[in-house]
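S.K.: quick check, what structure comes out for this input:
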Amino acid sequence: MNFNFCVVERGPGIWVLNNTVLSNVNYVKRVKEIIVESMNCSLYDSEPLIWWDNLKYRIKRYSQVFSSDLVKEKKKEFFYIQNKIQRLCALQASGIDIDVTRLEILKLDLGKYELEKCKGAILRSKATWVTEGDKNTKYFLNLEKYKQESNSVKELYNENDEIVNDTDGILDIEYNFYKDLYSCVEIETDKLCDFLQHVDKKVNDDDKWICDSDMTLNEIAEALSSMSKN
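M.R.: Just a heads-up that it's a prediction; the model follows:
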């Protein structure tokens, strides 16, 4: 028997786009419309970085709503098929003749939904190994939950070297840490120059030119293509 006395509340985590929606025609069409609409904003020319952040936010919000509606619709279809199978099986158990072909088709359709659910759980759980044909959805869902809980911060030391393990206290420590980390402070130029004088390895002129030059579309496409899926 395991007892978990952790009083830290786990947050919502980081939202990640399910890239299967990229094959949805309606989703792609709407995202393109959002991009075109955003280009009419005055920030497109005056403040391109702010415009870019606003565009990403709009696409993210639409993607979240679209994905949520899609999940609800799939759940509705899943339970509808499940109920149909249960009714047909109940009739068959009662000795009533049923359309066996129809029952097998429904089972295949239900299996597709279960496989899709299992793949999602595998992806979110970040399992490093998956046996071909493994459909142990419960295992991967539990693994996903375990990963989320193990990655959460359960306690921190404050400035007095005291352990803090409540949610509000941990959030306060994290806030103050990053506030101090990114705050504006005066730079000691002498120490900076002294440090750089002891750096032996420096980039040559060719590498400097490459780093300073603008990125090309081919470089961006190559970087995106080399990224691992999901």
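S.K.: so Val31 sits against Arg58, correct?
M.R.: No - taking CB atoms under 8 Å as the definition, Val31 is not a contact partner of Arg58, at 9.3 Å. Just so you know, the C-beta spots here come from the backbone N, C-alpha and C atoms, and that holds for glycine as well.
S.K.: of the two, who's got more company?
M.R.: Neighbour totals were compared for Val31 and Arg58, and Val31 leads with 18 against 15 (other CB atoms under 10 Å).
S.K.: leaving out the residues flanking it, which one is nearest to that one?
M.R.: Nearest non-adjacent residue to Val31, counting by CB to CB, 6 or more residues apart in numbering: Ile59, 5.9 Å away.
S.K.: any idea where the strands of this protein begin and end?
M.R.: Secondary structure of the chain by DSSP state E: the strands cover 156-157, 163-164.
S.K.: just send those strands back as CSV, with mean pLDDT and mean neighbour count too.
M.R.: CSV is the format used below for these (pLDDT from 0 to 100; neighbours: other CB atoms under 10 Å):
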stretch, mean pLDDT, mean neighbour count
strand 156-157, 86, 13
strand 163-164, 86, 12
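S.K.: dump the ones you listed to JSON lines, plus distance to Leu17.
M.R.: As requested, these are exported to JSON lines (distance: least, CB to CB, whole Å):
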{"stretch": "strand 156-157", "distance to Leu17": "31"}
{"stretch": "strand 163-164", "distance to Leu17": "34"}
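S.K.: in the protein, which spans are helices?
M.R.: In the chain, the helices defined using DSSP state H lie at 25-38, 43-46, 48-93, 100-125, 137-150, 167-181, 189-197, 205-212, 217-226.
S.K.: of these, which shows the lowest average pLDDT?
M.R.: Mean pLDDT is lowest for helix 137-150 out of those, coming in at a mean of 57.
S.K.: what separates Leu43 from Trp51, distance-wise?
M.R.: Leu43 is 4 Å from Trp51, where distance means CB to CB, to the nearest Å.
S.K.: Ser38 too?
M.R.: Distance of Ser38 to Trp51, given as CB to CB: 7 Å.
S.K.: Asp214 now?
M.R.: 19 Å.
S.K.: those two: which is more packed in?
M.R.: A count of neighbours by other CB under 10 Å puts Trp51 above the other of Asp214 and Trp51, at 17 against 5.
S.K.: and that one, what does it touch?
M.R.: Contacts of Trp51 were listed using CB atoms under 8 Å, 6 or more residues apart in numbering, and they are Ser38, Cys41, Leu43, Tyr44.
S.K.: I figured the second one hits Trp52, correct?
M.R.: It stands for Cys41. No - contact status for Cys41 versus Trp52: not in contact, 10.9 Å apart, counting by CB under 8 Å.
S.K.: rewinding a little: what is in contact with Ser38 and Trp51 at once?
M.R.: Joint contacts of Ser38 and Trp51 (CB under 8 Å, 6+ apart) are Tyr44.
S.K.: and Lys74, how many residues sit next to it?
M.R.: 13.
S.K.: residues contacting it?
M.R.: So Lys74 contacts Tyr113, Glu116 (CB under 8 Å, 6+ apart).
S.K.: if we go to 7 Å?
M.R.: Tyr113 (CB atoms under 7 Å, 6 or more residues apart in numbering).
S.K.: list buried residues within the contacts of Trp51.
M.R.: Neighbour-count burial within those applies to Ser38; the criterion is 16 or more other CB atoms under 10 Å.
S.K.: can you pick out the most distant pair from the contacts of Trp51?
M.R.: Ser38 and Leu43 (8.7 Å; CB to CB).
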